[in-house]
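> quick one, fold the following:
(chains A, B, C and D)
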There are 4 protein chains.
Amino acid sequence: MDVTIATGEPLALDEGLFGRLRRDCAKDWDGYVNHPFLAALADGSLPIEAFREFLVQDYLYLIHYARAYALAAFKSDTLESLRIYSRAMAAIVDGEMPVHIAYCADWGLTEKDLVATPERLETIAYTRFLIDRGMAGDLLDLQAALAPCVAGYAEIGDIIRRSAKTVLQGNPYALWIENYGGDEYRGVANAAIRQLNRSAAAGGGEARYDSLLKTFRGAVQLETAFWGMGWAKR
Amino acid sequence: MDVTIATGEPLALDEGLFGRLRRDCAKDWDGYVNHPFLAALADGSLPIEAFREFLVQDYLYLIHYARAYALAAFKSDTLESLRIYSRAMAAIVDGEMPVHIAYCADWGLTEKDLVATPERLETIAYTRFLIDRGMAGDLLDLQAALAPCVAGYAEIGDIIRRSAKTVLQGNPYALWIENYGGDEYRGVANAAIRQLNRSAAAGGGEARYDSLLKTFRGAVQLETAFWGMGWAKR
Amino acid sequence: MDVTIATGEPLALDEGLFGRLRRDCAKDWDGYVNHPFLAALADGSLPIEAFREFLVQDYLYLIHYARAYALAAFKSDTLESLRIYSRAMAAIVDGEMPVHIAYCADWGLTEKDLVATPERLETIAYTRFLIDRGMAGDLLDLQAALAPCVAGYAEIGDIIRRSAKTVLQGNPYALWIENYGGDEYRGVANAAIRQLNRSAAAGGGEARYDSLLKTFRGAVQLETAFWGMGWAKR
Amino acid sequence: MDVTIATGEPLALDEGLFGRLRRDCAKDWDGYVNHPFLAALADGSLPIEAFREFLVQDYLYLIHYARAYALAAFKSDTLESLRIYSRAMAAIVDGEMPVHIAYCADWGLTEKDLVATPERLETIAYTRFLIDRGMAGDLLDLQAALAPCVAGYAEIGDIIRRSAKTVLQGNPYALWIENYGGDEYRGVANAAIRQLNRSAAAGGGEARYDSLLKTFRGAVQLETAFWGMGWAKR
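A predicted model of the protein is given here:
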């Protein structure tokens, strides 16, 4: 495997409250980051149809994911926090989504196709769950809901890069792997993990732990269901 | 003074986190519950115009106060909490507001007059502050914003009933005093205080204390400004 | 079939904007109100396990359904509208849910069991979709999202009562059928339909029709998926 | 007066629904854009203390103004709309606010001073009114609430630049005038006006006109009260 060893800092997966949340739903977490969809993606054996199904729903997901970051900005009470979430939102709508659209174009999908595709149950459930946690709770609740996505994808990138079974040469999904396994994305994930940990320290995270764990686990399970959508098309 | 001594339990003003919040903004709190508007109301010297100004704005306030309780219901995650806020909301729209409208009628104000009166700056500021705290934060933040109103009015009723300067005989505001100084309202206030204290215990209230105090103090200051509206018309 | 013919007014299914929405998603609507789950429920052939699955998820649904009505109250700008939604919420948490809990008890399910059951994907998707439509949009958008549930259940009750294949004698689901096929529930549904139609007239419903139809159709499809949960357990 | 004549397109003040709203609250609008505070700012006679009072509260205002744009992003249902509001939010927190902070520094105010200053009643009322309209209503309601600020400042810049009484030479407020009277800001204002007009066309703006006018007029009056804060310090 010819993946360049990441030169940046390691993932902060064990730090603080995030670390505790991840450990306390270890079985659910494992089902998410080691989903068979990902093993097949890593060695390139995943059927194109399965990946396309995922890709289209992921586009629809990102619309609401960006809305969830807008909600985090709305829930901010300092200029610093407003800036963090404003930039996160810009990174999604001006960075991640255009790349997504370009990527989809390579698979024969126009933006019009993407928008016209009905959301699957899994997509509706996950996105609206995130938004509702943010609406019903405060910024810390929202951060706990969003953490499995941002941190989990970095861990997945890491797992795939380190796995002996991974084949990048000729793998149609190499770009996706390089993106989430890269230093830049790892930095994004670590920043989100540490922000959650800081919010937890300031916002009574330990006292509210059970409720935060319920939110976190819910999001992990919905991530797993999301992989399942694509996997069902193999 | 011929006020019947309340037979119910005393006000829970010193209990738990609520007690700490009230003590830590003692000067602001004193300005609110001992406002000159209230001394004049207690001895009946308050000009009718000042009371009418208050009464009309208080009607407009109650619309948004009911909305804030609806928001608390929305932010609930148990049937018990949903019920508490559903009943609180019903108590406002089916109990308090019809009484308010009937009371206003005695002062020559129809419901149509009330609705047509523009909200004063003080009314807009206070009501939307409550709603925004509830939207930006979680249920505990909203409870901290609502507590000064519900608990403060009971304390005001208590202060007026106990004051040697209070004159109920022939006092045009006797009904108002009896309402907020009565056992029933005291029960409502104590329930709200204890609910806030329970939420604080479960929701990291101590760790989040500074933020809760800022919200609480903000609401106390806005209550004081609200009395000021009527007082300016004397 | 010994069902008493309803004496009240007929269902307002064809009136106003609601009628137009229902007609314009006729195929989806038909899949919802004529789901095989309901035919089996009507003749009593539905396996108990399928009904229990539905019943438990329906309890979890009602928590969020009540929250959606709380949101409608929050979004109200008149005392009249606040009252309508305050009463609707009270009807759910103090009327419908205790009946639900009592009913579940007959099937061997305690309230503790209900609360401890994980929400299914279909339940999460539908409930959070309702709440998000209400949050992202205005009261009319929320009404359009809620209408398929309240009006559809009345139509279902009506269809079952009128069907020659319905067997009430010895049918374990007779109570459910009588509830949703009864005059009282029909009155609730008609009130909701007419309220939506009034809001649409005042709120530019025709100009916003495409967006309202998308919301309405989404809710209808999620209702159908909800029946599917129970049906899968037969 | 040595102001360069703006070379860009004229302000779109009369176009579409925005034009109708502005005309229909002409008296309130005139009180806002022709406030004595602005005449004194234009000829440089405004006491420094009055401007500082305004400047500090305007900083606190911008925090919530940015939150209102985050809310608009949250309420978006297309990638295009998400982008518009994401960029508007970035323009506030990464563009306008740093300039504001730098500008305040020239007046001897550090960012710490700004954050530590209590919000005035006028600031609380206006900012939370914006946010509540966005929360209670849909994106069009929020746009109607935000329009008086963005469009009014451009008109104010225009009025001051065109006025024969304006003195830029040696005017300590020249930078402020040049900013809001410049081509760039006019472009921002026109984009916002046209977006409101498009949303109104798609969202039943004419049918909802009375409600939108109430929101618009409320914001105009709160803008006027905001000038009053500084004016009171002269």
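> alpha carbons only for contacts and neighbour counts from here, please
Will do.
> following the lowest-mean-pLDDT helix or strand in chain A, which helix or strand comes up?
Least confident helix or strand, chain A: helix A:97-106 with a mean of 88, by mean pLDDT, DSSP states H and E. As assigned by DSSP states H and E, the chain's next helix or strand after helix A:97-106 is helix A:111-116.
> which other helices and strands does that following helix contact?
Under the contact definition 3 or more Cα pairs under 8 Å, 6 or more residues apart in numbering or on different chains; DSSP states H and E, helix A:111-116 sits against helix A:48-74, helix A:97-106.
> in that helix, what's buried?
A:114, A:115 (16 or more other Cα atoms under 10 Å in any protein chain shown).
> which residues touch that helix?
A:56, A:59, A:60, A:101, A:104, A:105 (Cα atoms under 8 Å, 6 or more residues apart in numbering or on different chains).
> for chain A, what lies in contact range of chain C?
A:121, A:122, A:124, A:125, A:126, A:128, A:129, A:131, A:132 (Cα under 8 Å from any Cα of the partner chain).
> just the pLDDT for the first one.
Reading off the confidence values, residue A:121 has pLDDT 98.
> neighbours around it, how many?
20 (other Cα atoms under 10 Å in any protein chain shown).
> center of chain A - which residue?
residue A:149 (2.6 Å; Cα atoms, centre = their mean).
> please name the residues that touch the closest residue to chain C within chain A.
As assessed by Cα to the nearest Cα, chain C sits closest to residue A:125 within chain A, at 3.7 Å. Residues near residue A:125 by Cα under 8 Å, 6+ apart: A:222, C:121, C:122, C:124, C:125, C:126, C:128, C:129.
> please name the nearest non-neighbouring residue to the third one.
Leaving aside its chain neighbours, residue C:122 sits nearest to residue C:226 (5.8 Å; criterion: Cα to Cα, 6 or more residues apart in numbering or on different chains).
> so which strand or helix has that neighbour?
helix C:209-231.
> name the residues that touch that helix?
Residues contacting helix C:209-231 (Cα under 8 Å, 6+ apart): C:21, C:24-25, C:28-29, C:31-32, C:35-37, C:49-54, C:122-123, C:125-126, C:129-130, C:133, C:141, C:144-149, C:205.
> show me which of these are buried.
C:21, C:25, C:28-29, C:32, C:35, C:37, C:50-54, C:122-123, C:125-126, C:129-130, C:133, C:141, C:144-149, C:205.
> mind checking which of the residues you listed are in helices?
Within these, residues falling in helices by DSSP state H are C:21, C:28-29, C:32, C:37, C:50-54, C:122-123, C:125-126, C:129-130, C:133, C:141, C:144-149.
> how far out from the middle of the chain is the helix holding residue C:226?
Here the centre of helix C:209-231 is set off from its chain's centre by 11 Å, with Cα atoms, centre = their mean, to the nearest Å.
> try stretch A:31-42
Centroid displacement of stretch A:31-42 relative to its chain, using Cα atoms, centre = their mean, is 14 Å.
> now that stretch: average pLDDT?
The pLDDT scores in stretch A:31-42 average 98.
> give me the distance between the two termini of it.
16 Å (Cα to Cα, to the nearest Å).
> touching that stretch from outside, list them.
With contact meaning Cα under 8 Å, 6+ apart, stretch A:31-42 is reached by A:46, A:152-153, A:155-156, A:160, A:165-168, A:171, A:173, A:177, A:220-221, A:223-224, A:227-228, A:230-231.
> cool, thanks, talk later.
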